[in-house]
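**Student:** sequence and predicted model, in that order:
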Amino acid sequence: MAKKHRHNQGGGNQPRQKMFDESREELFLYDARQVLEDAPVDEDHYKTFLQQIVTRGSRDGVDDAKEYVKEKEREEEAFLDREARNGLLDLLDKYSTYR
């Protein structure tokens, strides 16, 4: 019986990337609400904003989520101040893992 070769099966070494830890999403959202408590943000607006951060961090990586947070501070109608931005960036580091 001939030996089957398993060439080109894919799954080579993928570079590890820092991603949002989805198992700790509720803890992140709780801490993020504490950070945004003092920011002048409508509750409906910041729920969407936080969900967008989680989604980007889970799918694209923490670096993309951080860039999204920084963009929101730079916009004209920005609702994030420097303190809130830094708090969210710290939380993203805290609630991330390498995958």
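**Tutor:** Looks like it came in fine. Residues are numbered from 1 along each chain as shown.
**Student:** can you pull out the strands in this protein?
**Tutor:** Here the chain has its strands, by DSSP state E, at 18-20, 96-98.
**Student:** in TSV: the ones you listed, plus distance to residue 35, mean neighbour count and mean pLDDT.
**Tutor:** (C-beta placed from N, C-alpha, C; glycine too.) Listed next are those as TSV, based on distance: least, Cβ to Cβ, whole Å; neighbours: other Cβ atoms under 10 Å; pLDDT from 0 to 100:
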stretch	distance to residue 35	mean neighbour count	mean pLDDT
strand 18-20	16	20	95
strand 96-98	16	15	93
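**Student:** relative to residue 75, which of those is closest?
**Tutor:** strand 18-20 (22.3 Å; Cβ to Cβ).
**Student:** just for this structure, where's the confidence low?
**Tutor:** For the chain, the stretches with pLDDT under 70 are 1-12.
**Student:** swap in 90 and give it another go.
**Tutor:** Scanning the chain for pLDDT under 90 picks out 1-16, 36-47, 72-84, 99.
**Student:** how about the residue most central in space within it, nearest residue that isn't a chain neighbour?
**Tutor:** Nearest residue to the geometric centre of the chain (Cα atoms, centre = their mean): residue 57, 2.7 Å. Distance criterion Cβ to Cβ, 6 or more residues apart in numbering; nearest residue to residue 57, sequence neighbours excluded, is residue 20 at 3.0 Å.
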